[in-house]
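>>> okay, predicted coordinates and the sequence, questions at the end:
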Amino acid sequence: MKIFFLLFITVVISFSGCSDKKKSENGKITITFWHSFVSRTIPAFNDLIEWYEKENPDIKIVAQYVPSGDPLIQKLITAIQSNTAPDISWLHSDFLHKLVGADAIYKMDHFINGPDGLNEEEMKDIFPQSLQSAKWRDTLYSMPMEATTLALIYNKNKFKESGLDPEKPPKDWDELFDYAVKLTKDKDGDGKIDQYGFYIPAFPASGPLSVWMVLQWTPFLWQAGGIEINEDQTKVLFNSDAGVQALALWKKIFEAEKFYNFTLTHDLGFISGTIAMIMDGPWDLPEFREIKNFEWGVTYLPAGPVKRATYMAGEHLAVFKQSKHPDEAWKFIKWILRPDVQAKFSEESGYLPIRKSVLELPGYKKFLENDPAMKSFVDQIEISMARASIDFFRVEINQNIAEAVEKAIIGNQDIKTILGQAAEKSNKLLQSVKKGNKK
């Protein structure tokens, strides 16, 4: 059945590639762009599209929102089957291999090495962490559009109330635990916690936030000196001593705070003053800037026993082989990569730019000087890492890690045992991939 599906997809794509280019009724070439930007980012994205269309009056960009994660990849697969795939889609790297396996998207070298491509200097200007995430098996199948890092956001007023220096957030794991305990309080004396110190993102592994939980846990694994998988991708390593240490810290804080009673989302908990410290990305800065009743700050994630680390992630853009206008689709992607465009989108959306040269633009430097919160996210690029490339079963391995975190923290099961079981399941999946079939 799987072979039949892949053959079917290949035939459909090959047939659609023979279609001649057609313009819309108004004489413009229409490029369909699927994305999953959150509602507060869409205005910045719409401004970007309007800017592009003014510079390119022969092109019409039709943006369509699709829910992120599994709904997006399922809609893309369905669209490929029905020969209705978009010209461009916004993608998470975890799903890239599914589209490569269906021969649905172009290799970026097709465009980069073409007449309207990118030179070596321009490619080197893109942060390597972003490019790494845009690859599958060391081949670039997409281009990064924006970037994010993970930082610690904290309530300075709560720090003062608890006798903590608001200008000295926790610098390491020991201080993170100490601060979390001091900031956790039963304020009215009724025996129930009213204020929590630190948000532990222990979500149900079967729910939509399971990957977000794994994303937030991974930097702690790195901070303890661990990695996710070995270089030849034959064995996962998240169950190492470093993994046990990272998960033990989360469990220790969770239990000390009695965090199982907390029911709000991290952002609503922070805005309401119910929680004093959270981890988050820059995409929520527009929401936090609306806070008027307390002062807040952004800083590095606390250092682990080995080093400081955070992740650098983001979404990527792929061009579909069913597109009747692949060159025009690439032209739009290349335009998005332009430094001045990256700077404007970053300033308006809250996402980070993906090019080093943007950080040297005078206007962007001034923007960061006036926005210390955003600057804190940008500063962390220096210590950021890309998640390990896992060519096969990335989604399943994510799920195994998520289940281990849930069982250890919420289920109160032994950490070493649970991580070992998750690793065993993951390794069986990796061993099922024969080297001769890695195409």
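That came through, no problem. Residues are numbered from 1 along each chain as shown.

>>> give the contact list for Leu176.
Applying C-beta atoms under 8 Å, 6 or more residues apart in numbering to Leu176 gives the contacts 170, 198, 249, 253, 277, 302. C-beta: built from backbone N, CA, C; applies to glycine.

>>> which intervals of this structure have sub-threshold pLDDT?
1-25, 434-439 (pLDDT under 70).

>>> ranges for the strands of the stretch 51-200 of the chain?
59-65, 88-91, 135-136, 139-140, 143-144, 148-149, 151-155, 196-198 (DSSP state E, counting those that start in this stretch).

>>> list of residues touching the first one?
In other words, strand 59-65. Contacts to strand 59-65, defined as C-beta under 8 Å, 6+ apart, come from residues 24, 26, 28-37, 42, 45-46, 49, 52-53, 86, 328, 331-332.

>>> how is the chain carved up into domains?
2-144+315-350, 149-312+389-437 (automatic domain parsing).

>>> need these in TSV (columns: distance to Val358).
Below are those laid out as TSV (distance: least, C-beta to C-beta, whole Å):
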stretch	distance to Val358
domain 2-144+315-350	5
domain 149-312+389-437	14
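
>>> figure out which of those domains is closest to Lys356.
Closest to Lys356 of those, according to C-beta to C-beta: domain 2-144+315-350, at 5.3 Å.

>>> quick one: the closest one to chain centroid distance?
Domain 2-144+315-350 sits 17 Å away from the centroid of its parent chain (C-alpha atoms, centre = their mean, to the nearest Å).

>>> next one: stretch 203-210
16 Å.

>>> in PDB, list the C-alpha atoms belonging to that stretch.
Below are the C-alpha coordinates for stretch 203-210, written out as PDB (Å, rounded to 0.1, in the frame of the first residue of the first chain):
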ATOM      1  CA  PHE A 203       1.600  18.100  29.300                       C
ATOM      2  CA  PRO A 204      -0.300  15.000  28.400                       C
ATOM      3  CA  ALA A 205       1.800  13.100  25.800                       C
ATOM      4  CA  SER A 206      -1.300  12.400  23.800                       C
ATOM      5  CA  GLY A 207      -2.300  16.100  23.600                       C
ATOM      6  CA  PRO A 208      -1.400  18.800  21.100                       C
ATOM      7  CA  LEU A 209       1.300  20.300  23.300                       C
ATOM      8  CA  SER A 210       3.500  17.200  23.600                       C
END
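
>>> 17 is where my numbering starts, stick with that
Fine by me, first position is 17 from now on; the one you just mentioned is stretch 219-226.

>>> name the residues of it that are buried.
Buried residues in stretch 219-226, counting neighbours by 16 or more other C-beta atoms under 10 Å, are found at 219, 221, 225-226.

>>> before we move on, the earlier item: return the subset of the contacts of Leu192 lying in helices.
Under the assignment DSSP state H, the contacts of Leu192 contribute 265, 269 to helices.

>>> can I get the contacts of Leu192 in TSV including neighbour count and distance to Lys251?
As requested, these are exported to TSV (neighbours: other C-beta atoms under 10 Å; distance: C-beta to C-beta, whole Å):
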residue	neighbour count	distance to Lys251
Pro186	23	33
Phe214	26	32
Leu265	22	24
Ile269	23	29
Met293	25	35
Pro318	22	29
